[in-house]
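Student: Pasting a predicted model and its sequence here:
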Amino acid sequence: MQSHQKHIHFIAVGGSIMHNLALDAQKKGYFVTGSDDEIVEPSRSRLAQAGILPNQLEWNPDILTTETEMVIVGMHTHADNPELAKAQALGLKIYSYPQYIKEHAQTKKRIVIGGSHGKSSVTSMIMHVLKACNYDFDYLVGAKVEGFTETIRLTENAPIIVIEGDEYASAPFDKTPKFLAYQAHIAVITGVAWDHINIYPTYQDYIRAFEKFVENLPKDGTLIYCQNDKEVQEVANLAHQHINAIPYKTHKNEIINGITYLISQENEKFALKIFGEHNLQNISAAKQVCMQINIKEKDFLQAISSFKGAGKRLEKIIENKNFILFKDYAHAPSKVKATTQAVKTQFQDRNLVACLELHTYSSLNQNFLPLYKNTLDSADIALVYFNPKALALKRMPDLDKTKIKDAFDNPKIIVFDDITTLKNYLKNLNFDNANLLMMSSGTFDGLNFEDLLA
């Protein structure tokens, strides 16, 4: 480390946002170090290329000294992390990553996209339109977006920042939901469906986080909310009179020959490259946000017509005349159900093989599993996969495959706990006139989807 460089250390650097923050800090001239107990692609390669991939997947308190400028803590860090303890003992500046981002966005108009599903998609849509309309803006998004080399941009001068903000706790020492930490001027709520059972043990606990999101809006702030969602409507009813509350619903549309067209207020039609009711709702949310910053409807619709979707959001990995392999981030029950239905509805004449990986704390929790009841019923072949190692890393008890099958309440469900067995099963299926939908917030243990058709 050069004497003039300030040292920033990232605990749990392998996260999708955390590793991008580390790369951004390095570009700004900081000496950056990081640590984690598991780092997967693409974080691993990107950190290695920048020369800041940890030598060992372990915690190393010795890397912290009184000279360390600050420590940024990822949300998957445990409260008993030895590096966190060392930082606290040394009295170092410790930030959750939402706090760190808020420090960079003090003077900006902050647009925060919240909700149980659709956050990345709405954020990506807004980014796409703002770029097409030549706006200068910062952003934070949890997905790869075409046209953007990074998932985060933090500058001094951009007047706007668009943030994907979820309700998960900011850090082990700060249980504030991340979307509260950003202190939104414009807030979006796309939907509310109980999730993160390890943070919100009851549905009411979960709802309360969204109520605070609304209550914390400033005077003359704006709330944009989905009126198709009953729970969201109830949360929006708590908005004070000084809040500009704007409802939205599924955008007017029609499907012609497998292509979805948006219909404007002047009855003009704009062909889309994406589909599904949730995407049509997400487009309405993004349009309302853009209109708040003076983008006209026609300009928005022209720009959004070229949007191909956020990474891992019904992303087409392989496509030919009679087959599409989709990859999607769906993991919460409501999103799994909506995504499965969307693909089956759009391609009614094709068989649908839907495969879900249980990877999050909630999805691997035996008490939460019943919320997945009937979520895969739209699929012709329904598969569920989990890795027992994921349970061990999250310090959770083992799961019984029979109980998983019972929770989905679907006799067609086949449950796998070995990735090689799942891979071989998929390779032996006939995908002529069929689609394959792979859903996970993880990576299916690094499964190469293209190998499934080799």
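Tutor: Structure received. Residues are numbered from 1 along each chain as shown.

Student: mind listing the helices in the chain by residue range?
Tutor: Along the chain, the stretches classed as helices by DSSP state H are 16-27, 43-50, 82-90, 97-104, 119-132, 178-181, 203-215, 230-236, 277-292, 297-304, 333-346, 388-393, 401-408, 419-427.

Student: Of all the ones you listed, which one comes closest to residue 10?
Tutor: Among the helices of the chain, helix 16-27 comes nearest to residue 10, with 4.8 Å by CB to CB. Where C-beta positions appear, they are placed from N, C-alpha and C, glycine not excepted.

Student: Would you single out the least confident of the helices of the chain?
Tutor: Least confident of those, judged by mean pLDDT, is helix 388-393 with a mean of 90.

Student: ok, and what's touching that helix?
Tutor: 37, 38, 358, 359, 364, 397, 398, 399, 417, 442 (CB atoms under 8 Å, 6 or more residues apart in numbering).

Student: for these, which one is nearest residue 273?
Tutor: residue 442 (26.1 Å).

Student: So for that closest one, what pLDDT did the model give?
Tutor: At residue 442, pLDDT is 89.

Student: neighbours of it, just the number please.
Tutor: Burial of residue 442 is recorded as 19 neighbouring residues (other CB atoms under 10 Å).

Student: Can you pull the phi/psi pair for the closest residue to it other than its chain neighbours?
Tutor: Counting by CB to CB, 6 or more residues apart in numbering, residue 359 is the residue found nearest to residue 442 once chain neighbours are left out, at 3.7 Å. Dihedral pair for residue 359: phi -140, psi -30, per degrees, to the nearest 10.

Student: hang on, residue 359 packs against residue 384?
Tutor: No. Taking contacts as CB atoms under 8 Å, residue 359 lies outside contact range of residue 384: 11.2 Å.

Student: which of the two has more neighbours?
Tutor: residue 384 (26 against 21).

Student: how near is that one to residue 375?
Tutor: 10 Å (CB to CB, to the nearest Å).

Student: same thing with residue 344?
Tutor: According to CB to CB, residue 344 and residue 375 sit 13 Å apart.

Student: Comparing those two, which shows the higher neighbour count?
Tutor: Set residue 344 next to residue 375 and count neighbours by other CB under 10 Å: residue 375 wins out with 27 against 19.

Student: Wait, that one touches residue 341, no?
Tutor: No. Look at residue 375 against residue 341 with CB under 8 Å: they stay out of range, at 9.3 Å.

Student: pretty sure residue 434 is touching residue 354, no?
Tutor: No. Taking contacts as CB under 8 Å, residue 434 lies outside contact range of residue 354: 11.1 Å.

Student: Who has more neighbours out of these two?
Tutor: Neighbours of residue 434 and residue 354, each counted by other CB under 10 Å, are more numerous for residue 354; the result is 28 against 18.

Student: Excluding chain neighbours, what is closest to the more buried one?
Tutor: Per CB to CB, 6+ apart, closest to residue 354 is residue 379, 3.6 Å.

Student: how long is stretch 399-417 end to end?
Tutor: Start-to-end span of stretch 399-417 (CA to CA, to the nearest Å) is 10 Å.

Student: any idea how the protein splits into domains?
Tutor: 7-96, 105-304, 315-453 (automatic domain parsing).

Student: Tell me the buried residues in stretch 395-402?
Tutor: Buried residues in stretch 395-402, counted by 16 or more other CB atoms under 10 Å: residue 399.

Student: just how off-centre is that stretch within its chain?
Tutor: 25 Å (CA atoms, centre = their mean, to the nearest Å).

Student: same thing with stretch 242-250?
Tutor: Distance, centroid of stretch 242-250 to centroid of chain: 23 Å (CA atoms, centre = their mean).

Student: The residue nearest to residue 313 when sequence neighbours are not counted - how many residues pack around it?
Tutor: Nearest residue to residue 313, sequence neighbours excluded (CB to CB, 6+ apart): residue 121, at 5.2 Å. Applying other CB under 10 Å, we find 31 residues neighbouring residue 121.
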